[in-house]
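1. sequence first, predicted coordinates after that:
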Amino acid sequence: MKRRIYTNEFNVSMGDVAYLPLVSGLLRAHAETIPEIKQNYEFMPFIYRMDLPQEILSKYTEKPDVAAFSSVSWNEQLNYAVAREVKRRWPDCLVVFGGPNVPMPPQDDVVKWMGENQFIDVAVRSEGEDAFADILLRYLDGLDFRDIPDVVCRAGDEISFCDKPRPFRRNLSELPSPYLEGLYDYLLDGRKWQAIIETNRGCIGEGAKIITRSGSRKIEDIKSGDVVLGWDEMRGVRAWNTVASAVCNGTKDVLRITIG
């Protein structure tokens, strides 16, 4: 019997119009290019609508072997609530977290986060496609994920890091498209959808102004240790925070796409 994978990507809907789950689609499209994964795993229907935890958990119609969560600012607490209950109901299910709300170095922050969220088994701190596929392949043989690049995991009572960097994918054409692979076809039943087209990776473009203690500065001038004004979602207020690390992915081409 194939192992069942549930992907959870709770996006904010625009009225009755939901977003197609791009991250979940990308993870699946890439993973299924690998024969060992295709032969041994079954991806269950996407779970993508924000809802009450009990309603989301009702989508788990079969016992899960892997539950993957895409964690961003608007769904972080919902992810925790669902993942915690998944682990309670099915203790052997591998719970994997990824996305921008997985803490980056320093390692003390990651250790604290894993300690506060005991239901998380593995977390990815980089692009997800290759790391997630590596996790699935390793899970076929056991639970040792310690040497997978950019992954943090539990190793007994310890939290293990692999700080070996994984090359950043600059050519997104190397990755299969969930749209072209037909992964969303079963959802296209006449309803309206929001569809995201990814042309580059990174949330804020060059030249964006960031408020710091010493005034506004361009984002490319922000360094580790700078104190910047951001949103504290736990308290629901703006607050000053220290930049833990800054990553520059280089120059990007900007494409203007016109439809219709």
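-> Thanks, I have the structure now. Numbering: from 1, shown residues only.
2. pull the number of nearby residues for residue 123.
-> 26 (other C-beta atoms under 10 Å). Every residue, glycine included, has its C-beta placed from N, CA and C.
3. same question for residue 93.
-> Using other C-beta under 10 Å, the number of residues around residue 93 comes to 21.
4. going forward can the numbers begin at 733, since that is how I track them
-> Yep, numbering from 733; the last one is residue 825 now.
5. any idea how far it lies from residue 989?
-> 39 Å (C-beta to C-beta, to the nearest Å).
6. ok, residues contacting the longest strand along the chain?
-> If you go by DSSP state E, the chain has its longest strand at strand 735-743. Residues outside strand 735-743 that contact it (C-beta atoms under 8 Å, 6 or more residues apart in numbering) are 750-751, 753-756, 759-760, 772-776, 778-783, 788, 791-792, 794-802, 806-807, 810-811, 814-815, 868, 871.
7. just the buried members of those?
-> Neighbour-count burial (16 or more other C-beta atoms under 10 Å) applied to the contacts of strand 735-743 gives 750-751, 753-756, 759-760, 772-773, 775-776, 778-781, 783, 788, 791-792, 796-802, 807, 810-811, 814-815, 868, 871.
8. in helices only, show me those residues.
-> Secondary structure assignment by DSSP state H places 754-756, 759-760, 772, 788, 810-811, 814-815, 868, 871 of the buried ones among the contacts of strand 735-743 in helices.
9. report the two of those separated the most.
-> 772 and 810 (29.4 Å; C-beta to C-beta).
10. turn the ones in helices among the buried ones among the contacts of strand 735-743 into CSV, columns for pLDDT and distance to residue 961.
-> Below are these laid out as CSV (pLDDT from 0 to 100; distance: C-beta to C-beta, whole Å):
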residue, pLDDT, distance to residue 961
754, 93, 29
755, 94, 28
756, 96, 32
759, 96, 33
760, 96, 37
772, 96, 47
788, 94, 33
810, 93, 26
811, 94, 25
814, 95, 31
815, 96, 30
868, 96, 39
871, 95, 41
